[in-house]
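Novice: pasting a predicted model and its sequence here:
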2 protein chains.
Amino acid sequence: MKKNNGSKLKIIPLGGLEQIGMNITVFEYEDSIIVVDCGLAFPEDDMLGIDLVIPDVTYLKENIDKVKGFVITHGHEDHIGALPYILKEVNVPVYATKLTIGLIENKLKEHNLLRTTKRKIIKHGQSINLGAFRIEFIKTNHSIADAAALAIYSPAGIIVHTGDFKVDYTPVFGDVIDLQRFAEIGKKGVLALMCDSTNAERPGFTMSERTVGKTIDGLFAEHQNSRIIIATFASNVDRVQQIINSAYKYGRKVVIEGRSMVNIISIAQELGYINIPENTLIDVEQMKNYTGEQLVLITTGSQGESMAALSRMAAHLHKKISILPGDTVIFSSHPIPGNEKAVSNVINELSAQGANVVFQDVHVSGHACQEEIKLIYSLVKPKYAIPVHGEYRHLKAHAEVAQSLGIPKENIFLMYSGDVMELDEDGAAVTGKVHTGAIMVDGLGVGDVGNIVLRDRQHLSEDGIMVVVLTLEKRTNQLLAGPDIVSRGFVYVRESEDLMGEAREVVEEALDGCLSKNISDWGKIKSTIKDALGDYVWKKTKRRPMILPIIMEA
Amino acid sequence: MKKNNGSKLKIIPLGGLEQIGMNITVFEYEDSIIVVDCGLAFPEDDMLGIDLVIPDVTYLKENIDKVKGFVITHGHEDHIGALPYILKEVNVPVYATKLTIGLIENKLKEHNLLRTTKRKIIKHGQSINLGAFRIEFIKTNHSIADAAALAIYSPAGIIVHTGDFKVDYTPVFGDVIDLQRFAEIGKKGVLALMCDSTNAERPGFTMSERTVGKTIDGLFAEHQNSRIIIATFASNVDRVQQIINSAYKYGRKVVIEGRSMVNIISIAQELGYINIPENTLIDVEQMKNYTGEQLVLITTGSQGESMAALSRMAAHLHKKISILPGDTVIFSSHPIPGNEKAVSNVINELSAQGANVVFQDVHVSGHACQEEIKLIYSLVKPKYAIPVHGEYRHLKAHAEVAQSLGIPKENIFLMYSGDVMELDEDGAAVTGKVHTGAIMVDGLGVGDVGNIVLRDRQHLSEDGIMVVVLTLEKRTNQLLAGPDIVSRGFVYVRESEDLMGEAREVVEEALDGCLSKNISDWGKIKSTIKDALGDYVWKKTKRRPMILPIIMEA
């Protein structure tokens, strides 16, 4: 780390603000750039057919020579999910704690990038030097093990980035968040604190993960005569550990079901983040050797995702497991906003099959509530506050908390993605804007679906399509074939023969009009057909299917 | 009402179970049928492009001679919304309380049915005779004024149907629910109770509507220096009354905004269900004559509906009203399951524009919680319990409440739509099934969109469409024009020229193969093209657009 020679530190979020997910933030000092996190976002409702969304990293590509590495705070999708896509264009080393690296490697394997990606495991308390920066990993608690906050030492000052965190005094695995270290760094003088805002609207303290273990234990005691199925987040290894502990205590065998659950638990087991007693885990195939009371299934699907194991069981679509009357099904989760209805549908299906569904109070959040946010501020005592990780409403609530602690309003910055903030001891301000955006991934295509394609999908989804085809003789413009009309997603044709017959007449009339007037501009012919047919259909049905005229030449 | 001559009463729900909305229940005794409620459902997420859903009333049409009338419990869409569609096929009189009839007439006007529909206003406490039935309207409380429970007297026994209700000891308008009458009828001996299940999962009592008034009053006191915008349900006239009361108290003028809000409030005002002090209401155009502190806007959009007034204000799409920094925006509502994300998006947009958003605890439910359900059971003391109005999970929770009150399990019936329950003093059982279903309304089309059309819309929405057109000479099968490929909603064509070029080659090859083998079956040619192109596109993109080959003959 060099002495400050008057340059300012730049902080540039390339994503993660104005939306859930896609966390990625650039820290730049002179010719050094480090990137904190590289997450994906799940598609919004209007992104039809899109699988996932990744950040536009044009800024990194344009400054590729400066970029020293990715520093990752923890292994959730919204922090690591875009890495395999971005590394193909910005191939720099990746630094993270052990479990996080394990989860990243799992992704790199799928994308065939293991060989070409440098990566390094960093322990809590360790630091790395990347160009002008020194980055220290600080132990935190979160809903996935091995989460880290970062102290980013730059010549312009120290930035503390909490990552996603909560304060868990009695964590299931490993140590409590390293509050002492936050305090020590705070004593040195911290320029800015970038702190998790997810729960900034909630007063009080987030409960310890261990309290969920007690609840689960109670449910096992209560439901000793029934098979137990528990759905939770695949990445919440500590939750799975506690379920396994209860299973062991009550002499039940454990089946792990759902691809991501199997994947993550096997990585966690390999790396020593979960402790499964011998002869506890069994395969789905072995279930038949046990009665329901001797079994617990731990499964994906706690968000009602239609393809996840629990949803498939509920909908009779699971090949190996059916819901049986008397089963106890526990949702160890809260619905993420937007998933409420899907979860409720699964609860209905399970109930209708005679399962006993438990869905309240078997979960705690992984994010800090207001009192924890206040605690971190009081330890770190930053000059500037930059709320991160949340929608605007959460950032705003966070700003109010910071203000209530005495941080002056002008020292609190609600940033937007792409904002360039320059700061040092003498001041902080948003001084510019870089290009950012959301790149949509659909199948193998990265970025080949844009707004026009999405708008077409939206249009097609609402009222379907009518294709009008006809063949004209090249030179004479004489009609050789058609016009034919084919529709999809518009009306059920067999019950709408009159409508389709009249529609054809409307098209013929429009076409005759053009041809008799010797209009030879095919664009003009197409738009005439489109307008005439569109008007007719709207008048008859009050629908607006996409109308696609195709003229072939022969 | 005749003496029972041994016939049983049939209860047949044609909708309203297994789903939210679309409440409609047949009561049949010998040659008399009455129908309680006639509601619509809002489309599920997978019903792309559908406007609303109405029940299939084939059973009523087949028994049209028996049908004596519709008896409506209250004016919410899920109880009256299908009437204008169903009345076109089953034109029988409609009976309801005054406000309910007012809201129904508003619908009949839109559908040009006012002249042809008989309707009669019934007061609470009054009874009507319809064939073998006598139906008594009993005063209840709900989130819309003039709600009624029904006592249905039949020769086989008395059924009490609560409609949607809560117990509000201090209602804003009119009287408390007529608990004495429930008790009196209970004393006579009630065969079955059909009771609202919406909140059957919630312990305790639903708070009085009046408590919301106090909260609103407090918010007016707190935000005296800012403009206030309150979003709530258009049909909750009492809520609007309380907002107007606070506005009057604090000397603010009131603007009512949003089509359904304007509509319902003007009906309520005309019929005397709301009391607006003179000179309180002003038009949007007059707003400019007042400062923000002198104004309150009451608006639609509390569910984040994209076309509602508040959402348009938040998205800068409202022609006359913009959100200003410092505005206080109050959501006097809870998000209905499925709307959480839409509401949250609007809150974010409002916050980002500098509004102060209040969205917690400015609402109470209109439905009975567990203790209220218990109260009704204890007054009515029915022999049989038939939980209604709720998803399966709610019906099940209701059943558990009923059982906890001592009703034997075998006397509690969780019915499905279409079930025919036959009952009298000697017994009750589901003895058959009638045809039911959901009919989708899209624009002017009622029932012309079915599963095939929906499946096509779903397919189109995910990966778009590729249309392959070609013209063959009729007799020789010689290729005269094409093959051309046109896509929509698949890829952005300009950036995918290679792909589209290769796709054309694939189609040409498949076609050549067919033609060189003298295959003249066009169905076979189409499926060959479809398979070849589908395979190619999947291999290249991992997408499955709809592929639509069209062969024209010349």
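Specialist: Thanks, I have the structure now. Residues are numbered from 1 along each chain as shown, chains lettered A, B, ... in the order given.

Novice: tell me where the stretch 351-500 of chain A has helices.
Specialist: A:370-380, A:392-404, A:451-463, A:497-516 (DSSP state H, counting those that start in this stretch).

Novice: chain B: which of the ones you listed is closest?
Specialist: Closest to chain B of the helices of the stretch 351-500 of chain A, according to C-beta to the nearest C-beta: helix A:451-463, at 3.4 Å. All C-beta atoms are positioned from the backbone trio N, CA, C, and that covers glycine.

Novice: the helices of the stretch 351-500 of chain A into JSON lines, with extra columns for mean neighbour count and distance to B:K139?
Specialist: Below are the helices of the stretch 351-500 of chain A laid out as JSON lines (neighbours: other C-beta atoms under 10 Å in any protein chain shown; distance: least, C-beta to C-beta, whole Å):
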{"stretch": "helix A:370-380", "mean neighbour count": "20", "distance to B:K139": "45"}
{"stretch": "helix A:392-404", "mean neighbour count": "21", "distance to B:K139": "41"}
{"stretch": "helix A:451-463", "mean neighbour count": "20", "distance to B:K139": "43"}
{"stretch": "helix A:497-516", "mean neighbour count": "16", "distance to B:K139": "49"}
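
Novice: what helices or strands is the helix or strand hosting A:L548 leaning on?
Specialist: In the assignment (DSSP states H and E), A:L548 maps to strand A:546-553. Packing contacts for strand A:546-553, counted by 3 or more C-beta pairs under 8 Å, 6 or more residues apart in numbering or on different chains; DSSP states H and E, involve helix A:451-463, strand A:465-472, helix A:522-541, strand B:465-472, strand B:479-488.

Novice: any chance of the ones you listed in a markdown table, with distance to B:Q241 and mean pLDDT too?
Specialist: Output for those, formatted as a markdown table (distance: least, C-beta to C-beta, whole Å; pLDDT from 0 to 100):
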| stretch | distance to B:Q241 | mean pLDDT |
| --- | --- | --- |
| helix A:451-463 | 38 | 93 |
| strand A:465-472 | 48 | 94 |
| helix A:522-541 | 40 | 94 |
| strand B:465-472 | 52 | 94 |
| strand B:479-488 | 50 | 90 |
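
Novice: can you pull the pLDDT of A:N4?
Specialist: Per-residue confidence (pLDDT) for A:N4: 61.

Novice: okay, now the unreliable bits of the stretch 51-200 of chain A?
Specialist: Applying pLDDT under 70 to the stretch 51-200 of chain A flags no residue at all.

Novice: return the residues in contact with the residue of it found nearest chain B.
Specialist: Nearest residue of the stretch 51-200 of chain A to chain B, counting by C-beta to the nearest C-beta: A:D51, 9.0 Å away. By C-beta atoms under 8 Å, 6 or more residues apart in numbering or on different chains, A:D51 lies in contact with A:43, A:441-443.

Novice: in PyMOL, how would I select just the buried ones from those?
Specialist: Buried residues among these (16 or more other C-beta atoms under 10 Å in any protein chain shown), as a PyMOL selection:
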select buried, chain A and resi 43+441+442+443
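
Novice: so can I have JSON lines of the contacts of A:D51 showing distance to chain B and pLDDT?
Specialist: Listed next are the contacts of A:D51 as JSON lines, based on distance: C-beta to the nearest C-beta, whole Å; pLDDT from 0 to 100:
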{"residue": "A:P43", "distance to chain B": "11", "pLDDT": "91"}
{"residue": "A:V441", "distance to chain B": "10", "pLDDT": "93"}
{"residue": "A:D442", "distance to chain B": "6", "pLDDT": "90"}
{"residue": "A:G443", "distance to chain B": "3", "pLDDT": "89"}
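
Novice: how about the helices and strands packed on strand A:546-553, which one is nearest B:F182?
Specialist: helix A:451-463 (46.6 Å; C-beta to C-beta).

Novice: so what's the gap between the closest one and the chain middle?
Specialist: Computed by C-alpha atoms, centre = their mean, to the nearest Å, the chain-centroid distance of helix A:451-463 equals 23 Å.

Novice: quick revisit: among the contacts of A:D51, which one lies nearest to A:L375?
Specialist: For those, the minimum distance to A:L375 (C-beta to C-beta) is 35.5 Å, reached by A:P43.

Novice: separation between that closest one and B:Q403?
Specialist: 44 Å (C-beta to C-beta, to the nearest Å).

Novice: repeat that for A:K517.
Specialist: 78 Å.

Novice: now for the contacts of A:D51, which pair is the farthest apart?
Specialist: A:P43 and A:G443 (12.9 Å).

Novice: re earlier: contacts made by the strand holding A:L548 with the rest, please.
Specialist: For strand A:546-553, contacts defined as C-beta under 8 Å, 6+ apart pick out A:456, A:459-460, A:463-474, A:481, A:522, A:525-526, A:529-530, A:533-534, A:537, B:467, B:469-471, B:481-482, B:484, B:486, B:488, B:552.

Novice: buried among the residues you listed? Need that as a selection in ChimeraX.
Specialist: In ChimeraX syntax, the buried subset of those is picked out as below (16+ other C-beta under 10 Å):
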select /A:456,459,460,463,464,465,466,467,468,469,470,471,472,481,525,526,529,530,533,534,537 /B:467,469,470,471,481,482,484,486,488,552
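
Novice: remind me what the helix or strand encompassing A:K107 packs against, helices and strands.
Specialist: A:K107 belongs to helix A:98-110 when assigned by DSSP H and E. Here helix A:98-110 touches helix A:77-80, helix A:83-87, strand A:94-96, strand A:119-121, helix A:259-270, going by 3+ C-beta pairs under 8 Å, 6+ apart.

Novice: near chain B, anything from the second one?
Specialist: No - contact between helix A:83-87 and chain B, assessed by C-beta under 8 Å from any C-beta of the partner chain, is absent, since the two come no nearer than 14.3 Å.

Novice: from the contact counts, what lies against that helix?
Specialist: Against helix A:83-87 (3+ C-beta pairs under 8 Å, 6+ apart) you get strand A:52-55, helix A:98-110.

Novice: got TSV for the ones you listed, with distance to B:I104 and mean neighbour count too?
Specialist: Listed next are those as TSV, based on distance: least, C-beta to C-beta, whole Å; neighbours: other C-beta atoms under 10 Å in any protein chain shown:
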stretch	distance to B:I104	mean neighbour count
strand A:52-55	46	24
helix A:98-110	58	19
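
Novice: and B:M194, which of the ones you listed is closest to it?
Specialist: Ranking the helices and strands packed on helix A:83-87 by their distance to B:M194 (criterion: C-beta to C-beta) puts strand A:52-55 first, at 46.6 Å.

Novice: show me where pLDDT drops low in the stretch 351-500 of chain A?
Specialist: A:493-495.

Novice: wait, A:F220 sits on A:A247?
Specialist: Yes - counting by C-beta atoms under 8 Å, A:A247 is a contact partner of A:F220 at 7.4 Å.

Novice: which residues are in contact with both of those two?
Specialist: A:V296.

Novice: show me which of those two is the more surrounded one.
Specialist: Per other C-beta atoms under 10 Å in any protein chain shown, whichever of A:F220 and A:A247 has more neighbours is A:A247, with 25 against 21.

Novice: assumed that one was part of a helix.
Specialist: Yes - the assignment for A:A247 is a helix, going by DSSP: H, G, I helix; E, B strand; the rest coil.

Novice: what sits against it?
Specialist: Here A:A247 is in contact with A:220, A:253-254, A:280, A:296 (C-beta under 8 Å, 6+ apart).

Novice: burial measure for A:G272, as a count.
Specialist: A:G272: 10 neighbours (other C-beta under 10 Å).
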